[in-house]
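Participant: just a sequence and a predicted model for now, questions to come.
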Amino acid sequence: MTKTVGIGLMSGTSLDGIDAVLVEIDGMDENVVVRMIDSITRSYSKEIREELLQLCDPSSANLQKICSANMFLGKEFGSVVNELLEKANLVKEDVHFISSHGQTIYHQPFNGENQVDVASTLQIGDLSTLSESTGIAVVGDFRTADMAAGGQGAPLVSFVDYLLFNNPNSSRAIQNIGGIGNVTYVPKNSPSDVTQSFDTGPGNMVIDEIVFRVTDGERHYDKDGEMAYQGQIHQDLLTKLISHEYFQIEPPKTTGRELFGKQFVDDIFNEYNQLSPVDLVATVTEWTAVSIAHSYKQFLVDKGYEINEVIVGGGGSYNPFLIERLKHHLPEMTIYTHEHFHISSDLKEAMAFAVLGYQCILGKYNQIPSATGAQKQVIMGKIAYTQPDALKRIDDLRSVLQ
């Protein structure tokens, strides 16, 4: 059988940079096996990160900037891919496809007040520009297909969470703590169509923004929970944060910077400017842990769903203060990180999108309606190629595997 080689790209809501993984994939659907060959991460410069953050804020975004950034990120993603190929001593002809999540700048999983203001999402990083920059076919723009079928367009990685972590003896909550926190619940010994998934609320997003502000831009995150360990949790602020209406909405549900972005942090500083920087960081880190624990209790445990193990990934898994607080609030559950299963917490989502792109190329379903709220299964993703040889590699793959 042809060895399928793909590249997965991820740039998440934390806006810290681009993760790229080179993988080999065998099988399909629930029998997919994926092996990581190599990887790189390119951090965004302070200037690029600030430009992208402005695009995520309706008060500072404009059409020209969005249009330009779309093409810029297509080229930037292409540059990262070419760097990865050089590192792995490969050429474009060795790779069947690239799968890119893109950079989300706006996500609205609900209808607005007027006729044209419908549920929508926008990820930038032009697919054709990425394909032309690398000479490889690109799969991207996944979320829109799920939303077209009535879904939230997220969380999408639940499909891969099921493939990686379903277990006959243990019911598991696969918790990603990136900019936003999201969970995939996989009951023991169950088919994929009973998997549930939803955003638990902010992950690192509010923590990172507060750290950035109180350190005058010197730090982008609370490395090793250093600031949180020095602070005290402020109960009044914590109570206010956990009372946010988002935490009462029934799943499936998603959120992002539209709800918990800069304006949200502005409000915290305006109302609680008397708190020390370390107390603020400790409190919002505790909030992330509490919001996860409360979500499990309210939307899973109280409804009769057993959770034996929690498997944490994303940047938050490297914050020992946050992990300690999770263990404190979930004493009856065993807490693991992805590394316990020989999967990089940093690179898991890029690897997951490689799998989603692979399924798309083969014309196979790659989302779970019970996780996203979609009315039916769909094939997510659009395919772009600017050169005939890029299309030929996809066609050759399909002819062997289908």
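Facilitator: On my side now, so go ahead.
Participant: burial count for Gln248?
Facilitator: Other residues within reach of Gln248 by the criterion other CB atoms under 10 Å amount to 8. Placement of C-beta: from N, CA and C, glycine included.
Participant: can you report phi and psi for it?
Facilitator: phi -100, psi -10 (degrees, to the nearest 10).
Participant: quickly note the distance from it to Gly304.
Facilitator: In this structure, Gln248 and Gly304 are 20 Å apart, going by CB to CB, to the nearest Å.
Participant: how far does stretch 7-20 sit from its chain's centre?
Facilitator: For stretch 7-20, the separation from the chain centroid amounts to 9 Å (computed by CA atoms, centre = their mean, to the nearest Å).
Participant: hmm, I was thinking of stretch 87-98
Facilitator: Centroid separation for stretch 87-98 versus its chain: 24 Å, with CA atoms, centre = their mean.
Participant: mind checking the end-to-end distance for that stretch?
Facilitator: Its first and final residues considered, stretch 87-98 spans 16 Å by CA to CA, to the nearest Å.
Participant: check contacts around Asp52.
Facilitator: Heads up, residue 52 is Leu, not Asp. Counting by CB atoms under 8 Å, 6 or more residues apart in numbering, Leu52 touches 15, 44, 69, 103, 105.
Participant: show me what contacts Leu356?
Facilitator: Taking CB under 8 Å, 6+ apart as the contact definition, Leu356 lies against 99, 139, 142, 156, 159-160, 366, 380-381.
Participant: if you set the cut-off to 10 Å instead, what comes out?
Facilitator: If you count contacts by CB atoms under 10 Å, 6 or more residues apart in numbering, Leu356 has them with 8, 99, 101, 139-140, 142, 156-157, 159-160, 366-367, 379-381.
Participant: just Ala137 next, same as before
Facilitator: By CB under 10 Å, 6+ apart, the neighbours of Ala137 are 6, 95-99, 127, 130-131, 357, 361, 383-387, 389-395, 397.
Participant: ok, it to Val95 distance?
Facilitator: Here the criterion is CB to CB. By it, Ala137 lies 9 Å from Val95.
Participant: give me the common contacts of these two.
Facilitator: 6, 390, 393.
Participant: in strands only, show me those.
Facilitator: The strands, defined by DSSP state E, take in Gly6 from these.
Participant: which one of the shared contacts of Ala137 and Val95 sits closest to Ser243?
Facilitator: Taking CB to CB as the measure, Gly6 is the one of the shared contacts of Ala137 and Val95 closest to Ser243, at 43.7 Å.
Participant: what about that closest one, how many neighbours?
Facilitator: When counting by other CB under 10 Å, one arrives at 26 neighbours for Gly6.
Participant: measure it to Ile394 for me?
Facilitator: Distance from Gly6 to Ile394, counting by CB to CB: 11 Å.
Participant: ditto for Ile379
Facilitator: When distances are taken as CB to CB, Ile379 and Ile394 turn out to be 14 Å apart.
Participant: on that earlier part again, need the max-distance pair from the contacts of Leu52.
Facilitator: Tyr44 and Ile105 (13.8 Å).
Participant: now the common contact residues for these two.
Facilitator: Overlap of the contact sets of Tyr44 and Ile105 (by CB under 10 Å, 6+ apart) consists of 15, 52-53.
Participant: TSV for those residues, including secondary structure and pLDDT?
Facilitator: Formatted as TSV, the entries for these read as follows, by DSSP: H, G, I helix; E, B strand; the rest coil; pLDDT from 0 to 100:
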residue	secondary structure	pLDDT
Leu15	coil	85
Leu52	helix	94
Leu53	helix	90
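Participant: which one of those is nearest Ser120?
Facilitator: Here the nearest of those to Ser120, counting by CB to CB, is Leu52; it sits at 19.0 Å.
Participant: and Ala282, what does it touch?
Facilitator: With contacts defined as CB under 10 Å, 6+ apart, Ala282 is in contact with 207, 222, 225, 227-234, 238, 275-276, 321, 325.
Participant: again with Ile37
Facilitator: Under the criterion of CB under 10 Å, 6+ apart, the contact list for Ile37 reads 5, 7, 21-24, 84, 88, 90.
Participant: then stretch 57-67 to PDB, C-alphas only?
Facilitator: Below are the C-alpha coordinates for stretch 57-67, written out as PDB (Å, rounded to 0.1, in the frame of the first residue of the first chain):
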ATOM      1  CA  ASP A  57     -11.200  42.600  17.500                       C
ATOM      2  CA  PRO A  58     -14.100  44.100  15.600                       C
ATOM      3  CA  SER A  59     -13.200  47.500  16.900                       C
ATOM      4  CA  SER A  60      -9.800  47.500  15.300                       C
ATOM      5  CA  ALA A  61     -10.200  45.100  12.300                       C
ATOM      6  CA  ASN A  62     -10.700  46.400   8.800                       C
ATOM      7  CA  LEU A  63     -11.300  44.900   5.400                       C
ATOM      8  CA  GLN A  64      -7.900  45.800   3.900                       C
ATOM      9  CA  LYS A  65      -6.000  44.400   6.800                       C
ATOM     10  CA  ILE A  66      -8.000  41.100   6.700                       C
ATOM     11  CA  CYS A  67      -7.500  40.800   3.000                       C
END
